[in-house]
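Participant: Turn this into a structure:
(one chain, ligands or ions: 2)
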Amino acid sequence: MKRMIEVEDTGIVFPSGADIERMSELAQEWLGLIGEDPGREGLLKTPERMAKAWAFLTKGYHETLEEVTNGAVFEAEGSNMVVVKSIEYYSMCEHHLLPFFGTVHIGYIPDKKILGLSKFGRITDMFARRLQVQERLSIQIAQAIWEVLEPHGVGVVVEGQHLCMMMRGVEKQHSSTISSAMLGSFRDDPRTREEFLALVRQGKVL
Ligand SMILES: Nc1nc2c(ncn2[C@@H]2O[C@H](COP(=O)(O)OP(=O)(O)OP(=O)(O)O)[C@@H](O)[C@H]2O)c(=O)[nH]1
Ligand SMILES: [Zn+2]
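Facilitator: Residues are numbered from 1 along each chain as shown. Ligands and ions are numbered 1, 2, ... in the order given. Okay, here's the model as predicted:
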């Protein structure tokens, strides 16, 4: 991807526009504020590591739908449902800047256009790698597929566990959240929606 650069020897990419130097300065200040000594040996490189990690975790801000789909839209006959399920994601909640993570399930009914299968994961990451709430993540993925493919319908189900509810706050370790976004026939036709949800449920308890 043009606007990404690689961190030496790691294979990790972060946006070339990210101000790593300034982010490192702020991270160093932050370490002091939480009661640490930013000058102790173990923390000397931490501000820069933190800046690079955060640039990666929020790289979705620097990506566009056009870039991530890379023209992989193909002509196709038929209008049978396609489901890509159990796409893992990691995101950061916008309230506490703590991770939430889980899986995304995507279904659509094509109208002459299909999308390269890997692109569903790339679209998921483009929106997950930003500050999010789970509900918006679900809707943004559905709308992106709607925009790119102009299909008869799209359904997205997102499952997530939120560390802000587990390691702090209400401290509930076993709750998980399911959110969904349904567009076109997935919203208007209960049978289409049920077919999608049955395929998502297959092999698991949902
Ligand atoms: N709807 C929704 N809420 C979220 C998400 N991630 C975190 N939250 C919630 O955002 C809310 C913020 O509530 P506040 O009362 O303003 O913040 P808080 O005092 O830190 O809340 P607690 O987490 O209950 O301690 C909490 O209920 C979180 O559980 C999400 O993806 N979707
Ligand atoms: Zn949170």
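
Participant: From here on, just use CA atoms for contacts and neighbour counts.
Facilitator: Noted.

Participant: which residues in the chain form strands?
Facilitator: All strands of the chain, identified by DSSP state E, fall at 4-6, 13-15, 73-75, 82-93, 99-109, 113-115, 131-132, 153-162, 177-184.

Participant: chain center to the fourth one, what's the gap?
Facilitator: Between the centre of strand 82-93 and the centre of its host chain there is 7 Å, according to CA atoms, centre = their mean, to the nearest Å.

Participant: what do you get for the fifth one?
Facilitator: If you compare the mean C-alpha spot of strand 99-109 with that of the full chain, they lie 8 Å apart, counting by CA atoms, centre = their mean.

Participant: OK, now which residue of the protein is nearest to ligand 1?
Facilitator: Among all residues of the chain, residue 133 sits closest to ligand 1, at 3.2 Å; criterion: CA to the nearest ligand atom.

Participant: Make sure residue 159 is actually in contact with residue 201.
Facilitator: No - Residue 159 is beyond contact range of residue 201, at 12.0 Å (criterion: CA atoms under 8 Å).

Participant: Would you single out the least confident of the strands of the chain?
Facilitator: Lowest mean pLDDT within the strands of the chain: strand 4-6, at a mean of 61.

Participant: residue contacts, the most centrally placed residue in the chain?
Facilitator: Centroid-nearest residue in the chain, with CA atoms, centre = their mean: residue 128, separated by 2.0 Å. Contacts for residue 128 (CA atoms under 8 Å, 6 or more residues apart in numbering) come out as 60, 89-92, 137.

Participant: And for residue 46?
Facilitator: residue 28.

Participant: For residue 57, see how far away it is.
Facilitator: In this view, residue 46 and residue 57 are 16 Å apart by CA to CA, to the nearest Å.

Participant: What of residue 172?
Facilitator: Counting by CA to CA - residue 172 and residue 57 are separated by 25 Å.

Participant: neighbour count winner among these two?
Facilitator: Taking neighbours as other CA atoms under 10 Å, residue 172 and residue 57 compare with residue 57 leading, 20 against 15.

Participant: Surely the more buried one is in contact with residue 126?
Facilitator: No - Residue 57 is beyond contact range of residue 126, at 10.2 Å (criterion: CA under 8 Å).

Participant: which strands and helices sit next to the longest helix seen in the chain?
Facilitator: For the chain, the longest helix by residue count, based on DSSP state H, is helix 134-149. Applying 3 or more CA pairs under 8 Å, 6 or more residues apart in numbering; DSSP states H and E, we find helix 134-149 packed against strand 113-115, helix 118-128, strand 153-162, strand 177-184.

Participant: Identify each buried residue in it, please.
Facilitator: By 16 or more other CA atoms under 10 Å, the buried positions in helix 134-149 come out as 134, 137-146, 148-149.

Participant: Determine which stretch of the helices and strands packed on helix 134-149 is the most buried.
Facilitator: The highest average neighbour count among the helices and strands packed on helix 134-149, using mean count of other CA atoms under 10 Å, belongs to strand 153-162 at a mean of 25.

Participant: Run through the neighbouring helices and strands of that one.
Facilitator: Strand 153-162 packs on strand 99-109, helix 134-149, strand 177-184, helix 185-188, going by 3+ CA pairs under 8 Å, 6+ apart.

Participant: can you rerun that using 10 Å?
Facilitator: Other helices and strands packing on strand 153-162, by 3 or more CA pairs under 10 Å, 6 or more residues apart in numbering; DSSP states H and E, are strand 82-93, strand 99-109, helix 134-149, strand 177-184, helix 185-188, helix 190-201.

Participant: Perfect, I'm done here.
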